[in-house]
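Undergrad: Sequence isn't available, so here's the structure alone:
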């Protein structure tokens, strides 16, 4: 599990999981019952043709190495031929099934967008998608307009003359592009509309620190030579961007901007606070801003932000709100105007003349990230279209690649997983009876959403033009901003989708109590709606159950059935859980891919426990799905064998030694080779593959870990 500010974890290594929570705040996260907004569902049937689906063919090749004994090395038995043939792409350090799926989905989305761009249906959802893409692709028109599309924005900045007008302008920049994902939004504050940490009945504006051009505060405060050099390169970039926009004395302005951002960074909450939900849960009344964060004209700020009537807020990093507000009162207006001009240019760089986009990539791509070649314009246009019209693209995508029958089969599997998990909870030995009641209540309230939303976002009021790339971006941001602010006037919606269907991923939302699995992740090799159930349960099922378990483990223990903060385990529960977890830590410690390097069992404990939970729950659900009947044999393998084989194959990865060493040093997930070895803790695996005492993976029954 990745605990830091982006709060991303993975569905195994396959899912990009977004989390709101403790030490976390969601990459998007977020119960209750609620009337959902009446969004008009647009039928995209006339916009793209659905691809006829036929039964999935048998695998064209066998990825196993049958010369390897399953009981000695199950990972290489399952993946040996694949590992022998896998090629790591140039410039990468690893390649796995997740990367292969991402590449395929990227191609699918590209083809859809290109199709509707070339043949738009007038007035349709697809036309908006196609027009947005086409406008972004029209580099000649963008270059021809120069900076004229930013004239109004630059005039508004030039008109700032005092603290009140500065505060009003800053309020207008408050946007929801962060959605709780980061500790540094694109503007001085970001807003995420979500239920309260202690109040599941009402939505609140969650305010987050932001506004830095470099990734985090340490980039400004660290005195190491590396950071000093980075700041120098950033200063050069700022000056270059301002010069391209025609601003004189850009070097002086760059110095003022660096100075202001450094002062801002010093007010930011440290990483230890940024990942602690209890330190994020700061309820402020409107009057508190004037008393606790003087400097900003808060009346002007909130009026401009569309929050004039809002009485309650949740401030995640009070030091940043107070610190930046003080800087509004103390820093010179000219410094703020320089800062705002530069950040406007940065924000719209992709739809400004190509020289601006090139300068932006030169710093943020090459200097900060390392790649030597910018993504091509098509890739950038597709990413921009997804960002602006995510569910619009998602409608087109699901029509073609995830029809209703695929959703229905995945939902059936999810229902089976919940049934199996409920049975597991009732039999736990480390959880007290009163805690089991709370766990079962949380499971009963748990929402699990599959594929795509039942009600789509209605984009009919969003104006999109093929001739106005920057205007399209501004209007899309305004549309999404108003839609998010409207949630403050609506009941909490437990099943509002925080991930687009065409993004391969999953989202855990501890607050509220829900999980979402996108259509794009529910594809081969993880899930095949017309394929083998045993393989589906062993791969996608185990991944889904892995994520479900997180809502009931040490992290999920922080949130109740309605997503409110409050531990529901007893101290005895926690002690017994950790005793069982210590056994798995010892098992992981013994995995040593190099003579001088072993897995750190404690570091990977949380994810390894979830891997094991996912495996046992998925196996239970698979057995339940058979309704007492034996599964058929396919390609010489029983259903049980195919279940465990699929589990091992979902973890396969070809990677360099440096990448593997780096993973062991920093990742909270065990390398794939050892994740597949979770099978050695299940009695059913021994029976399925005839594993016996002298086999290398054999564990005595009493040594097999049975946390869940």
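TA: Sure, I can see it. Everything numeric here is computed off the predicted structure, so don't read it as measured data.
Undergrad: shaky segments in the chain?
TA: 1-60, 177-185, 274, 371-372 (pLDDT under 70).
Undergrad: go with 80
TA: Applying pLDDT under 80 to the chain flags the ranges 1-61, 176-186, 271-275, 370-374.
Undergrad: all helices of the stretch 151-300 of the chain, in order?
TA: Assigned by DSSP state H, counting those that start in this stretch, the helices in the stretch 151-300 of the chain fall at 151-158, 163-173, 218-221, 225-244, 250-267, 271-274, 277-280, 286-292, 298-305.
Undergrad: Check the stretch 351-500 of the chain too.
TA: Using DSSP H, counting those that start in this stretch, helices in the stretch 351-500 of the chain cover 354-361, 368-369, 377-388, 390-401, 404-427, 433-445, 469-485.
Undergrad: For those helices, give me a markdown table that also has distance to residue 451 and mean neighbour count.
TA: Any C-beta I mention is one placed from the backbone N, CA and C, and that applies to glycine too. A markdown table is the format used below for the helices of the stretch 351-500 of the chain (distance: least, C-beta to C-beta, whole Å; neighbours: other C-beta atoms under 10 Å):
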| stretch | distance to residue 451 | mean neighbour count |
| --- | --- | --- |
| helix 354-361 | 34 | 17 |
| helix 368-369 | 32 | 12 |
| helix 377-388 | 17 | 20 |
| helix 390-401 | 7 | 24 |
| helix 404-427 | 4 | 17 |
| helix 433-445 | 21 | 16 |
| helix 469-485 | 22 | 19 |
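Undergrad: between the ones you listed, which gets nearest to residue 200?
TA: Judged by C-beta to C-beta, the one of these that comes nearest to residue 200 is helix 433-445, at 10.1 Å.
Undergrad: Who are the packing partners of the closest one?
TA: helix 404-427 (3 or more C-beta pairs under 8 Å, 6 or more residues apart in numbering; DSSP states H and E).
Undergrad: want to throw the helices of the stretch 351-500 of the chain into CSV with distance to residue 230?
TA: Output for these, formatted as CSV (distance: least, C-beta to C-beta, whole Å):
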stretch, distance to residue 230
helix 354-361, 16
helix 368-369, 8
helix 377-388, 24
helix 390-401, 32
helix 404-427, 45
helix 433-445, 45
helix 469-485, 28
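Undergrad: Which one, of the ones you listed, ends up nearest to residue 226?
TA: Closest approach to residue 226 among the helices of the stretch 351-500 of the chain (C-beta to C-beta): helix 368-369, 12.2 Å.
Undergrad: Residues touching the closest one, excluding its own?
TA: 215, 230 (C-beta atoms under 8 Å, 6 or more residues apart in numbering).
Undergrad: And residue 160, its phi and psi?
TA: Note on residue 160: its backbone torsions stand at phi -70, psi 130 [degrees, to the nearest 10].
Undergrad: Without its sequence neighbours, what residue ends up closest to it?
TA: The shortest distance from residue 160 to any non-neighbouring residue, by C-beta to C-beta, 6 or more residues apart in numbering, is to residue 166 (5.1 Å).
Undergrad: go on, residue 658?
TA: Closest to residue 658 by C-beta to C-beta, 6+ apart is residue 93, at 6.4 Å.
Undergrad: Contact partners for the one you found?
TA: Residue 93 makes contact with 655-656, 658-659, 662, according to C-beta under 8 Å, 6+ apart.
Undergrad: Which residue is the nearest non-sequential neighbour of residue 326?
TA: residue 295 (4.3 Å).
Undergrad: Residue 313: what secondary structure?
TA: Classification of residue 313 using DSSP: H, G, I helix; E, B strand; the rest coil returns strand.
Undergrad: and the nearest residue to it once chain neighbours are set aside, what is it in contact with?
TA: Spatial nearest neighbour of residue 313, excluding adjacent residues (C-beta to C-beta, 6+ apart): residue 284 at 4.8 Å. If a contact means C-beta under 8 Å, 6+ apart, then residue 284 has 292, 312-315, 318 as its contacts.
Undergrad: Of these, which is the most crowded?
TA: Neighbour counts for these peak at residue 315, which has 24 neighbours (criterion: other C-beta atoms under 10 Å).
Undergrad: how far away is it from residue 168?
TA: Distance, residue 315 to residue 168, using C-beta to C-beta, to the nearest Å: 20 Å.
Undergrad: follow-up on the earlier one: write a PyMOL command that selects only the buried members of the contacts of residue 93.
TA: Selecting only the buried entries of the contacts of residue 93 in PyMOL, with 16 or more other C-beta atoms under 10 Å as the criterion:
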select buried, resi 655+659
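Undergrad: one step back: wait, which of the helices of the stretch 351-500 of the chain is closest to residue 218?
TA: Among the helices of the stretch 351-500 of the chain, the nearest to residue 218 by C-beta to C-beta is helix 368-369 (13.5 Å).
Undergrad: count of neighbours near residue 489?
TA: Residue 489, neighbours per other C-beta under 10 Å, totals 8.
Undergrad: mind starting the numbering at 58 from now?
TA: Yep, numbering from 58; the last one is residue 546 now.
Undergrad: circling back: would you turn the helices of the stretch 208-357 of the chain into JSON lines with distance to residue 135?
TA: JSON lines is the format used below for the helices of the stretch 208-357 of the chain (distance: least, C-beta to C-beta, whole Å):
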{"stretch": "helix 208-215", "distance to residue 135": "56"}
{"stretch": "helix 220-230", "distance to residue 135": "51"}
{"stretch": "helix 275-278", "distance to residue 135": "42"}
{"stretch": "helix 282-301", "distance to residue 135": "42"}
{"stretch": "helix 307-324", "distance to residue 135": "48"}
{"stretch": "helix 328-331", "distance to residue 135": "38"}
{"stretch": "helix 334-337", "distance to residue 135": "38"}
{"stretch": "helix 343-349", "distance to residue 135": "57"}
{"stretch": "helix 355-362", "distance to residue 135": "54"}
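Undergrad: out of these, which comes closest to residue 133?
TA: Among the helices of the stretch 208-357 of the chain, the nearest to residue 133 by C-beta to C-beta is helix 328-331 (38.5 Å).
Undergrad: For residue 744, which of the helices of the stretch 408-557 of the chain is the nearest?
TA: Per C-beta to C-beta, nearest to residue 744 of the helices of the stretch 408-557 of the chain: helix 461-484, 18.7 Å.
Undergrad: circling back: can I get the contacts of residue 150 in a markdown table with distance to residue 615 and secondary structure?
TA: Below are these laid out as a markdown table (distance: C-beta to C-beta, whole Å; DSSP: H, G, I helix; E, B strand; the rest coil):
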| residue | distance to residue 615 | secondary structure |
| --- | --- | --- |
| 712 | 33 | strand |
| 713 | 37 | coil |
| 715 | 36 | helix |
| 716 | 33 | helix |
| 719 | 30 | helix |
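Undergrad: Show me which of the contacts of residue 150 is closest to residue 737.
TA: Nearest to residue 737, judged by C-beta to C-beta, of the contacts of residue 150 is residue 712 at 22.5 Å.
Undergrad: can you give me phi and psi for the residue lying closest to that closest one once chain neighbours are set aside?
TA: Spatial nearest neighbour of residue 712, chain neighbours left out: residue 151 (3.6 Å); criterion: C-beta to C-beta, 6+ apart. Main-chain torsions, residue 151, degrees, to the nearest 10: phi -160, psi 160.
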